[in-house]
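Participant: fold the following for me, if possible:
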Amino acid sequence: MQLRAYAVPSNMPVSEAVRVARLLEIDGPDDLSDVELAARISRGLRSGSALALGEALGRNRVVGPVVPEATFRRARKSGKALSREHSERLYEMGRVVDALGRVYRGDRNAIETFLTRPHPLLDGETPFDVARSSSAGAEAVLNLIRRAEAGMAV
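Facilitator: Coordinates of the predicted model:
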């Protein structure tokens, strides 16, 4: 099963900002800049972004572990945006899923396997747990993915 954002190959190079915005179902142009994405995240994402990431990872991996259930329900019911903190958490997880989507060509099973297996270069923690712990954790997982792409990590 493939992630929707990676199911159709594109002839045009697409920036990380655009890919992550698509993954989180953030409306915007096909040339959304990093600055505009940052502004949207700063203002807060809608609860639909959590659901969109939940489509990629499974709802129970996003609502609860990344955005608390009660927070998600309040935002969904009120129609208000999530807090900046929760929006940033979604963005960081979106970046990790985007990187894995590129590596595994959108293969959900491969992405889930990578995220849920303890990894020795992450002190035996799962990439998912490290990535959701903080922005530094997400960056550590992204660095691991980059190293693997370069053939320098197992």
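Participant: need the nearest residue in space to the residue nearest to the spatial centre of the chain, chain neighbours excluded.
Facilitator: Residue closest to the average C-alpha location in the chain (C-alpha atoms, centre = their mean): residue 94, at 1.4 Å. Distances taken as C-beta to C-beta, 6 or more residues apart in numbering place residue 20 nearest to residue 94, at 4.5 Å, with adjacent residues excluded. All C-beta spots, glycine's among them, are computed from the backbone N, C-alpha and C.
Participant: state the pLDDT value of the one you found.
Facilitator: We have a pLDDT of 94 for residue 20.
Participant: pLDDT below threshold where in this protein?
Facilitator: Low-confidence segments of the chain (pLDDT under 70): 1-13, 152-154.
Participant: just give me the longest helix of it.
Facilitator: Longest helix in the chain by number of residues (criterion: DSSP state H): helix 84-103.
Participant: from the chain's centroid, how far away is that helix?
Facilitator: How far helix 84-103 lies from its chain's middle: 2 Å, per C-alpha atoms, centre = their mean, to the nearest Å.
Participant: if anything else comes up later, I'll come back, but that's it for now.
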